[in-house]
Structures are given as structure tokens and as C-alpha cells.
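*Asks:* Kindly generate the corresponding structure for this input.
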Amino acid sequence: MIAIVKYNAGNVRSVLNALQRLGIEAEVTDDPERLKSADKVIFPGVGEAGTAMRYLRERGLDKVLIDLSQPFLGICLGMQLMCSHSEEGETDGLGIFPQRVRRFPAGEKIPHMGWNEIEKLRGPLFEGITEKSDLYFVHSYYVELGPDTVATTRYGIDFAAAIQKDNFYALQFHTEKSGAVGNAILKNFLLI
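*Replies:* Below you'll find the predicted structure:
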């Protein structure tokens, strides 16, 4: 069973639809036992960091998620909340990754919205994916580069397009809105 974390953030329906296009059924849940027993967990989201973390903490999901041992994929806000701290509302995240989440510097149009290339790809999510493939981004905050960075992109500055450590994978771009390349990355996750 694939579990999608319910945590008061948007974009869950888009991820459900993407999985259905791949022939995969999934369940949206904030039940700790359902999340613990899932084969894989996806943590998508569009929203505000502080509100989303508050929802997780009120339900004890902040502790549940960091202890999961199955493959776990964060997308967009999900990725940012997996980090140690976000400048958005000065919010402490789950701390799975040591990176900080920062607001894009002045000078670029915010949010960063649209298609952008990813590069320096490594790891199982990017099997068969071509360097400089275009993926779809929508975000005002970015994850710093760090030791767990497995893909980068540039929007005024270089930042982490993907990070990975142990069973935890995270993507800043939206696989579910990135056409064939996004579907291929999602399939790679499902094969882990």
C-alpha cells in the first residue's frame, strides 16, 4: 500500500491522480498506524511551512515520520519540511536533512514557477533520466546545497532540486506536473 501523508497541505489530489495514471492505488491518511504499515510513503504539498508543521505536531506525525524505515518521498513543501529549519515563518522542520530552507534572494521573480533544468543527477530516482531534463517548479523557498544533494537546479542561485539520505528521498519539483520525466522519476521511486 502507498500512503500519502495528510497534513493540511494542498496538491494531494494531483499526486493521487499521477499515481492512478501509473496504475497505482494510494491512500491519503494521517493515521500513524497506516503510515507505519505502508510499503511506501509520499509526503507532497503546497502550502505554508508553519501551518503544515503545526498539523503534524498536533497529531504526533512529526515523530512517526522520522522513524519510518520504508521508502519515503517528499515533494515540494514535503521536501522543505524534511529539513532542519525553514525561513518561512521561522519554522523548525523534521530534521531528517541538516539543510536549511531559505527564501530566494531579491532580484528574481518569486515564486520560482515554471520549467527548469536539473543536473548533477545521482541515485536511484534518476535512473534513466537525462542530465538537464526540464521539470516543473513552483516555490518561493529553496533547500540549500549540502552533502545529501542528489540533483541541482539554478534560479538566480544553485539550490538542491533533490536530496536523499538512507530511505528518505525528496524533490523540490513537482513530479506529478512534470510530464513523462516526472512520471519516470515517480516510477523509479515506486521501484525502490
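*Asks:* Phi and psi next, for Glu25.
*Replies:* Dihedral pair for Glu25: phi -90, psi 140, per degrees, to the nearest 10.
*Asks:* Please shift the residue numbers so they start at 53 in all later answers.
*Replies:* Let's use 53 as the start, then, which means that last one is Glu77.
*Asks:* tell me the contacts of the nearest residue to Ile244 once chain neighbours are set aside?
*Replies:* Leaving out its chain neighbours, the residue that sits closest to Ile244 by C-beta to C-beta, 6 or more residues apart in numbering is Pro123, at 4.5 Å. For glycine as for every other residue, the C-beta is placed from the backbone atoms N, C-alpha and C. With contacts defined as C-beta atoms under 8 Å, 6 or more residues apart in numbering, the neighbours of Pro123 are Lys92, Val93, Asn219, Tyr221, Phe241, Ile244.
*Asks:* Could you give the bridge partners of the spatially most central residue of the chain?
*Replies:* Nearest to the geometric centre of the chain sits Ile127, at 2.0 Å (C-alpha atoms, centre = their mean). Beta bridges link Ile127 to Leu223, judged by DSSP bridges.
*Asks:* and the longest strand for this structure?
*Replies:* For the chain, the longest strand by residue count, based on DSSP state E, is strand 209-217.
*Asks:* Report all helices and strands that that strand contacts.
*Replies:* Using 3 or more C-beta pairs under 8 Å, 6 or more residues apart in numbering; DSSP states H and E as the contact test, the elements touching strand 209-217 are strand 149-155, strand 193-195, strand 201-207, strand 220-223.
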